[in-house]
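[1] Make a model of this:
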Amino acid sequence: MARRRLASDDLAIATQCYVCDPTNEAGLHIAYFIDDKTGRVSAEYTPQDIHQGAPGIVHGGVLAAILDDAMAWAVNVLSGSFGLTRRTEIEYSRMVRTGQSYSVTAWISEIEKSVAVAIGELRRSDGKICCETKAEFSLISQQEAQQAFGRVNGGTDG
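    Numbers count the residues shown, from 1 in each chain. Next comes the predicted model:
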């Protein structure tokens, strides 16, 4: 299997992503990997108590962020463009508990010139799905992303 860890060098822009950037002190520090043969992004996630909503149960917003990031990695690395989340549907089918290990997988299911659709899943260690999501991403060129985020990061309002 041609699996490799994804890093900021794989993106068109610099980032301090809450979900994946290891330098973001407040972040989740999720390490994503890509399998070049299958076109799937994957990660392992063991939630901590600080990620809970209800006692012992992971907050749905944390799970949505992790799945969104996995899908964004798939779109940004595999499409040749830069994807911005446009719309997401998520189904929470099982509770996700703190202290247990889960796998995250994401891939592109459809792609056109300006839109990509990605699927993301979070599964328990027994393989049962806990969360599934489908998201639509607007695609822009990597150059457009650099220009747009350069303005934001550069401090101008234009």
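[2] contacts and neighbour counts: CA atoms only from here.
    Noted.
[3] Skip the chain neighbours and tell me the closest residue to A26.
    Y18 (7.0 Å; Cα to Cα, 6 or more residues apart in numbering).
[4] which parts of stretch 42-61 are buried?
    42-45, 47, 51-52, 56-60 (16 or more other Cα atoms under 10 Å).
[5] scratch that, stretch 3-20
    Neighbour counts over stretch 3-20 (16+ other Cα under 10 Å) mark 6, 11-13, 17-20 as buried.
[6] What is the nearest of these to V75?
    Checking the buried residues of stretch 3-20 against V75 by Cα to Cα gives L11 as the nearest, at 10.5 Å.
[7] Can you tell me the SS state at the residue nearest to A26?
    coil (DSSP: H, G, I helix; E, B strand; the rest coil).
[8] List phi and psi for it.
    Phi and psi for Y18, reported as degrees, to the nearest 10, are phi -60, psi -40.
[9] What residues does it make contact with?
    The neighbourhood of Y18, defined by Cα atoms under 8 Å, 6 or more residues apart in numbering, consists of 24, 26-29.
[10] do the same with E121
    Counted by Cα under 8 Å, 6+ apart, E121 has contacts 67, 104-106, 129-133.
[11] quick one: which of these sit in helices?
    L67 (DSSP state H).
[12] Rebuild the contacts of E121 as TSV, extending it with pLDDT.
    Shown next, in TSV, are these (pLDDT from 0 to 100):
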residue	pLDDT
L67	98
V104	98
T105	98
A106	98
I129	98
C130	98
C131	98
E132	98
T133	98
